[in-house]
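Trainee: need a structure here:
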Amino acid sequence: MAFTTSHPELYYGSLQGTLTHILSAEWIWRKRCQEGISPSVLLDPLAFPSIDDLDRRVNEEQGNMLAYLNGLIDADLVKPVNYQSTKGQPYQNMLWHLLVHVVNHGTQPRCEAAMVLTQLNQSPGNLDMLINFRRPS
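Mentor: So this is what the prediction gives:
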C-alpha cells in the first residue's frame, strides 16, 4: 500500500510517517499554546494504519485548532508562551511566533508528500495556501 510504503525521498520514511509528523507538530503546538501542556513524544504513525484513520484524527485536530484560534483576541498574540521541547528543554516565545511556526513547519513535509503523491499519479494539486483561503467576493 502506498500509504505505508517506504520512500527514500521522504524524511519520515513513508506518507504515513510524513503526514503523521505534520499532524503531530500541529497537535503538540496547540497543546503547548492552548493548554500549557508540552507533550514529550510525537504521535505514533502506527496508530494510523490507514489514510482514513489519519484523516479522522486530522479532522478532529483541525476542529480543535480552529476552535482555539477563533477564541483568541489580538492581545493574546503578543503574550509569552512557556513550553518545553520534546526533550524537556524550556523555551518561551510570543504566541504569534508559535502560530506562524506551525504554518511554516509543515511546508517541507507537505512538499515531500506532494512529490511522492505526484509520482504515484495522485497529485494533490496546487498547495498554495492562498488558494485554500480564497473566497469569491
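
Trainee: How far off centre is the helix or strand bottoming out on mean pLDDT in the chain?
Mentor: When the helices and strands of the chain are scored by mean pLDDT, DSSP states H and E, helix 129-133 comes last with a mean of 72. In terms of Cα atoms, centre = their mean, to the nearest Å, the centre of helix 129-133 is found 16 Å from the chain centre.

Trainee: got the CA positions of it in PDB?
Mentor: Taking C-alpha atoms only, helix 129-133 is exported to PDB below (Å, rounded to 0.1, in the frame of the first residue of the first chain):
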ATOM      1  CA  MET A 129      -2.000  28.500   0.900                       C
ATOM      2  CA  LEU A 130      -3.900  31.400  -0.600                       C
ATOM      3  CA  ILE A 131      -5.800  29.100  -2.900                       C
ATOM      4  CA  ASN A 132      -7.300  27.400   0.200                       C
ATOM      5  CA  PHE A 133      -8.200  30.700   1.800                       C
END
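
Trainee: Now do the buried residues in it.
Mentor: Going by neighbour count (16 or more other Cβ atoms under 10 Å), nothing in helix 129-133 comes out as buried. Bear in mind the C-beta positions are built from the backbone N, C-alpha and C, glycine included.

Trainee: now stretch 5-16
Mentor: Residues of stretch 5-16 classed as buried: His7, Leu10, Tyr12, Ser14, Leu15, Gln16 (neighbour count, 16+ other Cβ under 10 Å).
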